[in-house]
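J.: from the sequence below, what's the structure:
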Amino acid sequence: MQRRDFLYLLATASAAGLPIAPRDSRAQSDNGDFYDVPPFGNVGLLHLTDCHAQLLPIYYREPDINLGVGAAAGKPPHLTGEALLRAFNIQRSSPQAYAFTYLDFAHAAKLYGKVGGFAHLATLVNKLRAQRPGALLLDGGDTWQGSASALWTRGEDMVQAAVALGVDIMTAHWEFTYGAPRVQELIDGRLRGHIDFVAQNVRTSDFGDPVFASHVLREVNGVPVAIIGQAFPYTPIAHPRHFVPDWSFGIQEERLQGIARAVRTQGAQVVILLSHNGMDVDLKLASRVTGIDAILGGHTHDGVPAAIEVPNGSGRTLVTNAGSHGKFLGVLDLDVRGRRIDGYRYRLLPVFANLLAPDRQMQQLIERLRAPFASRLSEPLARTDGVLYRRGNFNGTFDDLILDALLETYDAQIALSPGFRWGTSVLPGDTITREALMNMTAITYPYTTVSDMTGAAIKAVLEDVCDNLFNPDPYYQQGGDMVRVGGLAYSCNPYEKMGRRIGDLRINGKPIDPNGRYKVAGWAPVAEGASGTPIWDVAETWLKQKNVVVAKKPNRPLLIGVKSEE
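T.: Numbers count the residues shown, from 1 in each chain. Below you'll find the predicted structure:
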């Protein structure tokens with residue numbers, strides 16, 4: 001679709017009385033220009049997170065299942081599809097419905113086009129900053145990882161792109177998988193003088209000394225603003241510990257409370273937490289830690305159209321989450337008067353590549369950064385007959401492709417693949433290139449493994465990961481989505497207790513024997529010294545043999561006690 005046609009659709013929707021943005025007073029733009037977002041107040045904050053090294057516009061399918069447990073059940077961010085549209089009053093079959101949900105994804109993607117891309121994002125950032133002098137651009141992390149070029153340059157290409165975009169302050173998560181020396185090298189090199197790296201919850205393991213600055217204090221239009229950093233608390237658990245052997249992480253709630261008080265004493269009139277906790281953790285944190293005005297969050301890739309107001313002992317804290325893959329840009333405007341916030345406006349803007357002309361300088365930088373890898377990235381591997389995607393609590397179609405490659409290559413009975421949330425989507429009939437495959441697999445510990453496991457051990461693995469995802473206390477949710485499973489059927493009750501969520505495990509319709517032994521293939525081992533064929537080599541060989549792959553119905557568990565979110 002051409003930009004002209006897209007604008008016509010938006011104008012038609014507006015003229016017909018259809019909302020092209022949520023009607024919430026803090027999220028709506030009722031202007032003819034989709035990106036005409038009038039400034040409000042005197043402090044502007046722009047927020048992107050979890051771009052996962054996607055420099056170019058992409059397709060990205062939002063989840064069709066995102067279950068909340070305990071107090072989070074049926075509330076943002078655990079709304080998908082029609083339930084999300086109803087909650088935020090978004091018109092079905094609209095550009096915003098395409099951006100925020102999976103509904104009619106293949107059709108909507110063809111209609112509205114790709115999203116994100118740093119050149120298009122740069123155009124939007126520049127436009128908003130021109131309206132908001134002094135506005136800060138905050139990066140919530142997961143920026144340096146997720147693509148082949150980022151992996152092959154060990155984050156260098158993304159650091160250059162972030163500097164060119166004008167990022168002021170960042171925190172981190174997957175960045176740490178390049179190892180502590182590389183993280184320090186980039187911070188002391190390319191970032192120095194351009195981007196402040198903040199993470200209050202990263203300390204040395206021996207004496208508890210801070211590794212990074214906990215916060216920065218910036219003045220925006222005469223208003224002192226403190227930005228506190230919160231890196232992913234469970235980095236050494238979710239990834240190989242030997243990448244950061246001398247650093248400790250954790251939520252560090254008490255330390256955060258102390259910093260929030262201290263920056264107020266230093267004169268801060270606005271206190272912001274730039275967080276990579278995940279939204280459920282941020283919602284709990286906001287109810288317990290006082291003195292933080294807003295949490296700009298990431299990690300769980302939730303695109304939530306409005307800010308959530310969380311009451312606490314000293315007032316309220318706004319909690320936001322700005323999606324992923326460069327698909328959205330959060331805009332938080334604050335009106336600060338008499339040392340207090342009198343009002344705010346929050347919008348989460350989808351970055352439609354068809355509506356934003358690419359910034360010329362950023363486009364040239366991207367072309368230069370990608371040039372050494374262009375021919376390798378564009379090599380065709382196979383074609384798909386359906387949508388390939390990953391995001392969701394359980395298996396996606398691209399996950400099943402990787403699992404099938406493992407099962408067949410290693411003649412395994414069961415295959416396991418990590419519940420990563422990152423990875424771009426491929427539309428029906430499109431070619432699966434090496435770049436598309438690397439967007440699903442580009443990590444620093446990609447090795448494939450084959451293990452001999454008992455039925456009881458397999459169940460224990462599933463129970464452990466399931467508790468990371470569905471523990472009712474957000475502070476114990478330590479991982480991504482559920483481990484992806486191939487060759488094995490099972491049931492899952494997310495609302496049960498640890499050890500009782502997984503049941504009815506079967507292979508080819510037959511119950512597995514707890515004492516029996518099974519050949520299990522997997523990838524991404526966290527043990528130090530692990531080795532094996534990289535997953536991208538295994539999957540690439542398999543894809544080239546297939547030529548055309550069938551996007552099957554994902555192999556998901558039988559869910560017990562779960563009502564439709566729609």
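
J.: can you list the weak-confidence ranges in this structure?
T.: Scanning the chain for pLDDT under 70 picks out the ranges 1-32, 564-566.

J.: longest helix anywhere in it?
T.: The single longest helix within the chain, with elements called by DSSP state H, is helix 455-470.

J.: elements contacting the very next helix or strand once past it?
T.: Downstream of helix 455-470, the first helix or strand assigned by DSSP states H and E is strand 484-486. Applying 3 or more C-beta pairs under 8 Å, 6 or more residues apart in numbering; DSSP states H and E, one finds that strand 484-486 contacts helix 397-409, strand 414-417. To be clear about C-beta, it is placed using only N, CA and C from the backbone, and glycine gets the same treatment.

J.: give me whichever of the ones you listed is most buried.
T.: Of all those, strand 414-417 has the most neighbours on average by mean count of other C-beta atoms under 10 Å, namely a mean of 26.

J.: give me the sheet partners of it and which way each runs.
T.: Strand pairing for strand 414-417, determined by DSSP bridges: strand 484-486 (antiparallel), strand 517-523 (parallel).

J.: mean neighbour count and distance to Gln269 added to these, as TSV?
T.: TSV is the format used below for the strands paired with strand 414-417 (neighbours: other C-beta atoms under 10 Å; distance: least, C-beta to C-beta, whole Å):
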stretch	mean neighbour count	distance to Gln269
strand 484-486	26	46
strand 517-523	22	49
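
J.: among those, which comes closest to Gly499?
T.: Taking C-beta to C-beta, strand 484-486 is the member of those nearest to Gly499, at 18.0 Å.

J.: could you list the buried residues of the helix or strand just after that closest one?
T.: The helix or strand immediately downstream of strand 484-486 is strand 489-492, counting by DSSP H and E. Neighbour counts over strand 489-492 (16 or more other C-beta atoms under 10 Å) mark Ala489, Tyr490, Cys492 as buried.

J.: before we move on, what about stretch 106-124?
T.: 108-109, 111-124.

J.: so how far is that stretch from its chain's centroid?
T.: 17 Å (C-alpha atoms, centre = their mean, to the nearest Å).

J.: stretch 429-447 too?
T.: Distance, centroid of stretch 429-447 to centroid of chain: 17 Å (C-alpha atoms, centre = their mean).

J.: quick one: end-to-end distance for that stretch.
T.: 30 Å (C-alpha to C-alpha, to the nearest Å).

J.: stretch 33-44 now?
T.: 20 Å.

J.: how far away from the center of its chain is it?
T.: Relative to its chain's centre, stretch 33-44 lies at 25 Å (C-alpha atoms, centre = their mean).

J.: that older thread, just send the strands paired with strand 414-417 back as TSV, with distance to Asn439 too.
T.: Formatted as TSV, the strands paired with strand 414-417 follow (distance: least, C-beta to C-beta, whole Å):
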stretch	distance to Asn439
strand 484-486	16
strand 517-523	15
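
J.: which one of those strands lies closest to Leu403?
T.: Closest among the strands paired with strand 414-417, using C-beta to C-beta: strand 484-486, at 3.0 Å.

J.: got a list of contacts for that closest one?
T.: Strand 484-486 has contacts (C-beta atoms under 8 Å, 6 or more residues apart in numbering) with 394-396, 399-400, 402-404, 406-407, 414-419, 462, 555, 557.

J.: try it again at 10 Å.
T.: The contact list for strand 484-486 (C-beta atoms under 10 Å, 6 or more residues apart in numbering) reads 390, 392, 394-396, 398-408, 412-420, 458, 461-462, 465, 505, 520-522, 554-557.

J.: so Gly68 sits in a strand?
T.: No. Assigned with DSSP: H, G, I helix; E, B strand; the rest coil, Gly68 falls outside any strand and is coil.

J.: all helices of the stretch 151-300 of the chain, in order?
T.: 156-165, 180-188, 235-238, 253-265, 279-288 (DSSP state H, counting those that start in this stretch).

J.: need the contact list for the closest residue to Val163 other than its chain neighbours.
T.: Using C-beta to C-beta, 6 or more residues apart in numbering and skipping the chain neighbours, the partner closest in space to Val163 is His194 (4.7 Å). Listed by C-beta under 10 Å, 6+ apart, the contact partners of His194 are Val159, Ala162, Val163, Ala164, Gly166, Val167, Asp168.

J.: same check on Asp104?
T.: Counting by C-beta under 10 Å, 6+ apart, Asp104 touches Arg92, Ser93, Ala97, Tyr98, Lys110, Leu111.

J.: neighbours around Leu505, how many?
T.: Counted with other C-beta atoms under 10 Å, the neighbours of Leu505 add up to 22.

J.: how is it assigned, secondary-structure-wise?
T.: Look at Leu505: counting by three-state DSSP, its state is strand.

J.: so it is in contact with Ile458, correct?
T.: Yes. Taking contacts as C-beta atoms under 10 Å, Leu505 lies within contact range of Ile458: 6.9 Å.
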